Structure formats: C-alpha cells, structure tokens
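*Asks:* just to be clear, the model below is a prediction. Sequence and coordinates:
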Amino acid sequence: MHHLHHVCSAALLGVLAALPSSTWAQTADAGFYATVYAQASRLDSTTFDEVGTAGFGTGLKAAFDTGFGLGGDVGYRYGNGWAAEVEWNWRRHELASLRRAGTAVAGVTEGDFASNIIFVNGLRRFTLASERVVPYVGVGLGWVQEIDFDLNSATLERAWSDQGEAAVQVMGGAEFAVGDVWRLTADLRLLQIGDVELPAEEGVTGRLSKPEYNPLSVQVGLRRQF
C-alpha cells in the first residue's frame, strides 16, 4: 500500500507538471468557498495483535470492504493560485474478514475501522485560460478527533479507539464550473496515519497493537464560491 501511495502521488504531480505552463492564467478572483463531498475509500488489509480480554491473540489479519466517507471544507482563495482551507472528514471501512494463520477468528460477526479527522489544507490551483476547469494539488495536516476499530459478535460490542494522532494527506483533482458560483469537484486523496495503538473503549479491556490506517479515496463534491 505504501508503494501504491507513492506511485499515485508522483502520477498526480507529473500530470500537472506536464501541462503547458502557457495555459495557466496568472490571476484568479480572491474569495471564500465552501464544499460538501462524499467519497469511496480503500483501506488495505492490516496485521496487528490483540492484547486483552477479547482472546483473539496475536498475528491477526483484517481485510476491509470498500469504505464510505463524508466531509466538507471552508476555504479562501488568495487570487494568486493559492488557497487554504479547514476540512472535516469522516470515513468508515466495514470489516470483510478477520483471520489468524489463515483461519477465520471465531466470535467476530462484524466490525469496522473508522476515523473522524480535522485538517488544515494548503492548495495550489491552476486556473486555465477558459476558467471552466481548475486543476489543483494540495497537502493537509490533520488532527485525529477519533480513530475507532470495532470487532463485534451477535451479542457483544467491542471497541478500541484513540484520539490526538497526527495525519497527513496529499490530494490532486479538479473543479468544474456549472454556473457563476457553483463548482463540481473530483479528486484523489492519500491519507497517512500509519500504525496506531488503540486502547480498549467498550466491551473489552487491553488494546489493539499497531493496526495500520492509510486509506486511499476518490471523492466528488459540490462547491459554492462567494
């Protein structure tokens, strides 16, 4: 998954760098904007240990279905190609399987790995001469309000969670004018939190040791410029 993230990041930057510089407008209108979006999120399988009363043991491997996310941002365009924004993002990845040594772990019927994160993003926007399409790239630093791993049975809810972790994301995409003030947005985002230590929160004691959380998402949104 780390290699995939690096390849995607290089590809995004490379495509934009390859576009002729003469197509970029030198200025754009300054002002505020706000966006709401939905996303499909892919989380690679991860290995970790359970230390505590759940009794799942070590050498666990969890795989996940395609996740779903929601979010929004409020930002400001400086009129020189740069923009800054504050973003909220929630996403959830439902558990597809939990195995140890290739065998399904008994006592787990469902689960998920989810996060709630606040980001501060910096973006470089490239306004084309037509001003109808605006590609952009950006990076963001995030504060993890909550990261939560649930492994439930039919009668017992078990949760491990933490907060205060740091997150980093890289993004690349474009916005498309659909009127004077409305824009559609579409982009690819690579989020990195890395290994996390999750203390028990509900239905169990102990901790989950070092599951990885580095999702890759595609998102579409609706933006209003002011």
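*Replies:* That came in fine, so what should we check first?
*Asks:* all contacts plus neighbour counts: C-alpha atoms, from now on.
*Replies:* OK.
*Asks:* next secondary structure after the helix or strand bottoming out on mean pLDDT in the chain?
*Replies:* Ranked by mean pLDDT, DSSP states H and E, the helix or strand of the chain with the weakest confidence is helix 2-18, at a mean of 47. Per DSSP states H and E, the first helix or strand lying C-terminal to helix 2-18 is strand 31-42.
*Asks:* and that next one, what's buried?
*Replies:* 32-42 (16 or more other Cα atoms under 10 Å).
*Asks:* return the member of those residues nearest to Ala114.
*Replies:* Ser41 (10.8 Å; Cα to Cα).
*Asks:* how near is the closest one to Gln225?
*Replies:* Separation of Ser41 from Gln225 (Cα to Cα, to the nearest Å): 26 Å.
*Asks:* what helix or strand is the residue positioned nearest the centre of the chain on?
*Replies:* When Cα atoms, centre = their mean is applied to the chain, the residue found nearest the centroid is Leu191 (4.7 Å). Here Leu191, judged by DSSP H and E, is contained in strand 182-192.
*Asks:* who touches that strand?
*Replies:* The contact list for strand 182-192, computed with Cα atoms under 8 Å, 6 or more residues apart in numbering, reads 5, 9, 167-178, 213-225.
*Asks:* what does stretch 103-118 give?
*Replies:* By Cα under 8 Å, 6+ apart, stretch 103-118 touches 56, 64, 86-99, 142-154.
*Asks:* so what's Ala34 closest to, chain neighbours aside?
*Replies:* Counting by Cα to Cα, 6 or more residues apart in numbering, Ala34 lies nearest to Val74, which is 4.4 Å off, once chain neighbours are set aside.
*Asks:* who does the host helix or strand of the one you found pair up with?
*Replies:* Val74 is located in strand 67-77, with elements delineated by DSSP H and E. Applying DSSP bridges to the sheet, strand 67-77 is found paired with strand 31-42 (antiparallel), strand 82-100 (antiparallel).
*Asks:* distance to Ala200 for these - can I get that in JSON lines?
*Replies:* Below are the strands paired with strand 67-77 laid out as JSON lines (distance: least, Cα to Cα, whole Å):
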{"stretch": "strand 31-42", "distance to Ala200": "25"}
{"stretch": "strand 82-100", "distance to Ala200": "18"}
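*Asks:* can I get the ones you listed in a markdown table with distance to Asp195 and mean pLDDT?
*Replies:* As requested, these are exported to a markdown table (distance: least, Cα to Cα, whole Å; pLDDT from 0 to 100):
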| stretch | distance to Asp195 | mean pLDDT |
| --- | --- | --- |
| strand 31-42 | 17 | 98 |
| strand 82-100 | 16 | 97 |
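*Asks:* of the ones you listed, which is nearest Ala159?
*Replies:* Nearest to Ala159, of those and by Cα to Cα, is strand 82-100 at 13.2 Å.
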